[in-house]
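> Predicted model follows, preceded by the sequence.
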Amino acid sequence: GGAHKLNRKIFAIWGQILDRLPSARIVLKAHVYAQLRFRNAILQLATDAGLDINRLELREPTDFQTYIAEYADIDIVLDATPHSGGASVVEALWMGRPVISLYGNRWAGRSGAEFLRLMGREELIALSAEDYVEHTVKLASDPDKIVELSQSFRAEFSNSPLADIPSYNRQVEAGYRTMWRGWCAEQKRRD
């Protein structure tokens with residue numbers, strides 16, 4: 001996901017998770033990690049938030065096929081807050097990775113949770129930072145559950161509204177028609 005979504009709050013939450021899961025680590029991947037000043041800034045931000053940076057891996061950009069293949073290295077995807085992931089969350093779900101997402105107070109902070117809701121996986125949505133930590137620790141402590149979710153997520157995703165492209169397109173087109181009709185009515189009113 002985007003490095004611009006990282007902040008002291010999310011690093012502090014991830015630090016709490018790492019404190020409870022001694023063998024866990026956090027893997028982050030973004031184009032900016034190829035630049036030393038951005039790598040150092042992220043590492044400093046994580047350190048300031050109390051996260052052990054020895055357990056933080058920053059991966060640099062790769063081609064798309066390599067990027068997708070790297071999901072095999074990941075057990076659980078942790079969504080950011082207060083700005084949730086978009087494409088990165090959808091890609092993770094498509095690749096069969098469970099995502100823990102914190103339900104935010106605006107759309108930018110709820111998209112990951114809404115994607116999970118559309119898949120019928122509300123149990124992976126946290127309503128508070130404490131919930132987020134508990135959900136993650138509980139899932140990470142149950143490797144059989146991770147395997148079960150990983151094996152079922154691709155099919156669940158394919159059968160969810162997230163993969164219903166024709167329906168999505170119809171809704172977008174209907175929205176455009178509504179906007180166009182509104183604009184036309186406004187022009188007519190002005191004449």
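That came in fine, so what should we check first? Numbering: from 1, shown residues only.

> what about the strands in the protein?
26-29, 56-59, 77-78, 99-102, 125-126 (DSSP state E).

> just checking, what packs against the fourth one?
Under the contact criterion of 3 or more CB pairs under 8 Å, 6 or more residues apart in numbering; DSSP states H and E, the helices and strands touching strand 99-102 comprise strand 77-78, helix 87-94, helix 111-118, strand 125-126, helix 129-140. Every C-beta, even on glycine, is put in place using the N, C-alpha and C of the backbone.

> could you redo the last one with a cut-off of 6 Å?
Strand 99-102 sits against helix 111-118, helix 129-140, with contacts defined as 3 or more CB pairs under 6 Å, 6 or more residues apart in numbering; DSSP states H and E.

> again, but for the third one
With contacts defined as 3+ CB pairs under 6 Å, 6+ apart, strand 77-78 has no packing partner among the helices and strands.

> What lies in contact with it?
Here strand 77-78 makes contact (CB atoms under 6 Å, 6 or more residues apart in numbering) with 92, 97, 99, 100.

> related to what we said a few turns ago, wait, which of the helices and strands packed on strand 99-102 is closest to residue 177?
Distance to residue 177, taken as CB to CB, is lowest for helix 111-118 among those, at 23.7 Å.

> closest to residue 62 among the contacts of strand 77-78?
Using CB to CB, residue 92 comes nearest to residue 62 of the contacts of strand 77-78, at 16.1 Å.

> any weak-confidence spans in the protein?
Scanning the chain for pLDDT under 70 picks out 1-3.

> how near is residue 23 to residue 31?
29 Å (CB to CB, to the nearest Å).

> Skipping adjacent residues, who's closest to residue 131 in space?
In space, and not counting its chain neighbours, residue 131 is closest to residue 102: 7.5 Å by CB to CB, 6 or more residues apart in numbering.

> Just to check, the one you found is in contact with residue 81?
Yes. Checked against CB atoms under 6 Å, the pair residue 102 and residue 81 is within contact range at 4.4 Å.
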